[in-house]
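Asks: got a sequence here, can you build the structure:
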Amino acid sequence: MPCTPLADDRGPAQPAPEPTDAEPAEPAPAGRLCVPVRPGAHGVTTRLYRTPVGARTAVAFTSPERLRATLGGDQPWIPLSEPALRALTRPLGIRALTVDPVLTAPFTPAPTPTPTPAGPAPAPAPEAVPGPVAEPPYPARPRPGTPCARRFDAAARGTAA
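Replies: Have a look, this model is predicted:
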């Protein structure tokens, strides 16, 4: 009866092959994410953004400091895990998640309006003085020999064309 080799009969274990790609296709952030929100009808709603090519994406930050540096100190946020954020955005058809976006414009606060000094009211604009009437862009008489010229000449003579 022939004997079949057992697992122990195969020889020394071979090391696992080295991966060809040093980085995973989609790195998964660990821990809590700071997710920007806005007031909604029933609490808060996750803010969604667009990538530079126009695709919709959810955005999260790994720390409150990074969120404030990008979106400003007044931006409300909630802590969520990555799976929870993906579960919230998946029904909306959003598959992309951008963590710590760096291709955004830095936060700049809205300019404060400068008060105008109290002083005399500006003088009203002078009324328009009627000037010469501009010539029409077309000649007063049609070109001779055209159908319009024949009607014009007939109307000037008082006869029907």
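Asks: pretty sure residue 145 sits in a strand.
Replies: No - assessed with DSSP: H, G, I helix; E, B strand; the rest coil, residue 145 is coil; it does not lie in a strand.
Asks: and it, what's its pLDDT?
Replies: We have a pLDDT of 70 for residue 145.
Asks: next, count neighbours for it.
Replies: 8 (other CB atoms under 10 Å). Placement of C-beta: from N, CA and C, glycine included.
Asks: and if you look at residue 51?
Replies: Counted with other CB under 10 Å, residue 51 comes out at 13.
Asks: same thing with residue 58?
Replies: So residue 58, with other CB under 10 Å, has 25 neighbours.
Asks: which residues touch it?
Replies: 35, 46, 48, 49, 85, 86, 88, 89, 94, 96, 97, 98 (CB atoms under 8 Å, 6 or more residues apart in numbering).
Asks: and residue 90, which of the three is it?
Replies: Applying three-state DSSP: residue 90 is helix.
Asks: quick one: it and residue 98, what's the gap?
Replies: Residue 90 is 15 Å from residue 98, where distance means CB to CB, to the nearest Å.
Asks: which one's more surrounded, these two?
Replies: residue 98 (15 against 11).
Asks: if anything else comes up later, I'll come back, but that's it for now.
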